[in-house]
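*Asks:* below are the sequence and a predicted model; questions follow.
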Amino acid sequence: MSNLTRDTERALAEARRVRDDNRAGGRHRRALQPSIGQESRRLRRRHRSHKLRNIVLALFALWVASGVIGTIIDGIGFMGVMALIVASVVAVAVLGKYPRMKTPKRVDLTRATDAKELVGRTELWLEAQRPALPAPAADMVGKIGVQLDALGLQLDGIDPNHPAAHEVRTLVGETLPEMVDSYRRIPQHLRAEERAGATPDAQLASGLGKISDEIDRVTRQLAEGSLDDLAVKTRYLDYKYGDEDMALPAPSIAAPTKDPA
């Protein structure tokens with residue numbers, strides 16, 4: 001009887017998870033969602049621009065080569081023109097598909113040399129993991145992507161040896177991917193089974209929520225310096241230009257006096 005009860009509860013939990021996944025648009029649809037952050041979009045645009053450059057260079061080389069050959073042999077003829085068109089189409093098709101953009105590996109996250117690279121690689125890595133995550137965790141990944149963009153702006157220009165920079169590298173480059181990998185190593189049929197008071201699906205969403213809160217805390221901590229600088233500059237401008245009581249009186253120009261003589 002207990003086995004039947006466990007099987008029933010497992011089936012119900014799986015049904016609820018499928019229901020939630022369908023409400024979110026399904027795993028396949030989530031895989032087609034746009035990038036979760038600006039830095040990952042920037043990396044994707046850069047990759048597309050490199051492929052476009054390769055296509056332009058290949059077409060230029062083909063047409064120049066055909067022109068040179070035509071000059072040497074006094075024209076390439078109809079078959080030569082058709083071959084050139086076919087070669088151009090093949091070049092566009094192949095170079096438009098390859099090289100594929102590589103998904104960063106976990107070790108690549110900690111090897112990032114600056115804040116933008118760290119944020120961009122982490123966002124790309126999370127986008128690759130998102131289709132395999134339950135709906136609540138996938139939504140949390142989208143939120144973390146936005147937070148990573150804000151964090152990257154605060155880290156830009158900060159010494160890599162700064163304690164906050166080290167904390168971010170540990171949190172984003174180690175703790176976050178380790179949590180996702182630990183979840184993905186759990187067999188599919190066990191992810192909705194309650195253990196220690198919560199299912200792995202719920203534990204993952206809760207853990208990502210705590211990481212999101214920590215990213216927000218570090219971002220606010222780094223922003224306090226900028227806020228203080230802005231407040232100082234504002235008070236200075238108020239003192240110099242905005243407060244009429246403190247403004248220096250304009251110099252008076254005395255009217256010229258006539259010589260009594």
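*Replies:* Yep, it's here.
*Asks:* and stretch 80-88, C-alpha only, in PDB?
*Replies:* Taking Å, rounded to 0.1, in the frame of the first residue of the first chain, the C-alpha atoms of stretch 80-88 are listed here in PDB:
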ATOM      1  CA  GLY A  80      31.400  29.300 -65.400                       C
ATOM      2  CA  VAL A  81      28.700  31.800 -64.300                       C
ATOM      3  CA  MET A  82      26.500  29.000 -63.100                       C
ATOM      4  CA  ALA A  83      29.400  27.500 -61.200                       C
ATOM      5  CA  LEU A  84      30.100  30.900 -59.600                       C
ATOM      6  CA  ILE A  85      26.500  31.300 -58.500                       C
ATOM      7  CA  VAL A  86      26.400  27.800 -57.000                       C
ATOM      8  CA  ALA A  87      29.700  28.400 -55.200                       C
ATOM      9  CA  SER A  88      28.400  31.600 -53.800                       C
END
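*Asks:* residues contacting that stretch, please?
*Replies:* 59, 62-63, 66, 69-70, 76 (Cβ atoms under 8 Å, 6 or more residues apart in numbering). From N, CA and C alone the C-beta is placed, and that goes for glycine too.
*Asks:* buried ones in that stretch?
*Replies:* 84, 87-88 (16 or more other Cβ atoms under 10 Å).
*Asks:* run the chain-centre distance for it.
*Replies:* 40 Å (Cα atoms, centre = their mean, to the nearest Å).
*Asks:* what mean pLDDT does it get?
*Replies:* In this model, stretch 80-88 carries a mean pLDDT of 90.
*Asks:* sorry, back to before: next step: the contacts of stretch 80-88 restricted to helices.
*Replies:* 59, 62-63, 66, 69-70 (DSSP state H).
*Asks:* if we can go back for a sec, and which of the contacts of stretch 80-88 is nearest Q188?
*Replies:* L59 (46.4 Å; Cβ to Cβ).
*Asks:* tell me how many other residues crowd L52.
*Replies:* 12 (other Cβ atoms under 10 Å).
*Asks:* tell me which element it falls in.
*Replies:* helix 38-72 (DSSP states H and E).
*Asks:* now the angle from the following helix or strand past that helix to helix 38-72?
*Replies:* Next in sequence after helix 38-72, counting helices and strands by DSSP H and E, comes helix 77-97. Helix 77-97 and helix 38-72 meet at an angle of 160 degrees, taking axes from the mean of the first three to the mean of the last three Cα atoms, to 10 degrees as the criterion.
*Asks:* helix 77-97: how far from the chain's middle?
*Replies:* 36 Å.
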